[in-house]
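# Here's my sequence, what's the structure:
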Amino acid sequence: YFLLEERENQNSDTIKLKFPKKTWAEHLNVSRPTLSRELRKMEEDNIISFNKRFIYLHNLEKLEELCSI
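Residues are numbered from 1 along each chain as shown. Predicted coordinates:
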């Protein structure tokens, strides 16, 4: 959900995180490895790709599907 929200806020399919992934994980109340694992799963499913503080959205439909579950 955060990625979809940031897409709207930044008006782009390229999301620039304004904080480290560790802070993002803490905000979600999950461990950093758990967040990384989930991001990698989404990358393997060709939903996103990421590099440092940038997340590139490739399949909004699948991302929205994940949010509706």
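
# which one is residue 25 nearest to, not counting chain neighbours?
In space, and not counting its chain neighbours, residue 25 is closest to residue 35: 4.1 Å by C-beta to C-beta, 6 or more residues apart in numbering. Placement of C-beta: from N, CA and C, glycine included.

# For the one you found, list the residues it contacts.
Shown in contact with residue 35 (C-beta atoms under 8 Å, 6 or more residues apart in numbering): 21, 24-25, 28.

# in what helix or strand does it lie?
Taking DSSP states H and E as the criterion, residue 35 maps to helix 32-44.

# Give me the buried positions along that helix.
35, 39, 42 (16 or more other C-beta atoms under 10 Å).

# related to what we said a few turns ago, mind checking which of the contacts of residue 35 are buried?
Buried residues within the contacts of residue 35, defined by neighbour count using 16+ other C-beta under 10 Å: 21, 24-25.

# Filter those residues down to the ones in strands?
Among these, no member falls in strands (DSSP state E).

# Can you tell me which of these is closest to residue 63?
residue 24 (16.1 Å; C-beta to C-beta).

# quick revisit: ok now the helix holding residue 35, how far from the chain's centre?
Put simply, helix 32-44 sits 9 Å off its chain's centre (C-alpha atoms, centre = their mean, to the nearest Å).
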